[in-house]
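Asks: Turn this into a structure:
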Amino acid sequence: MSNLIFCLKLKKKTNGLKYLPFYGSLGERIYFNISKKIWKLWLKHQTILINEKCLNLFKIKDRKFLYKTMEKFFFEE
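Replies: As a prediction, this is how the structure comes out:
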């Protein structure tokens, strides 16, 4: 079954994610407002960020940086 949502980035109705990408309020906002296509673009961008900035996701400051960047990517124009 397809999860149709109105994607805030694409500005149209399209397929959403099949599950929460992660727990918490940001995960819920992404699930209800971001399409599968945009999520895939984020995963590629996230990989580039982690590699170029040598992020260690075991460190809280690196995770916070990634979450802030993710929020900007999805919800800021």
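Asks: Give me the pLDDT for S2.
Replies: S2 is assigned 69 on the pLDDT scale.
Asks: May I see the buried residues of the helix or strand hosting W39?
Replies: Element membership for W39 (DSSP states H and E) is helix 36-52. Going by neighbour count (16 or more other Cβ atoms under 10 Å), the buried part of helix 36-52 is I38, W39, W42, L49. Just so you know, the C-beta spots here come from the backbone N, C-alpha and C atoms, and that holds for glycine as well.
Asks: looking at it, the first one is touching F74, isn't it?
Replies: Right, the one you point to is I38. Yes: taking contacts as Cβ atoms under 8 Å, I38 lies within contact range of F74: 7.2 Å.
Asks: Pick the one among the buried residues of helix 36-52 closest to L57.
Replies: L49 (10.9 Å; Cβ to Cβ).
Asks: Flag the shaky bits of the chain, pLDDT-wise.
Replies: 1-2 (pLDDT under 70).
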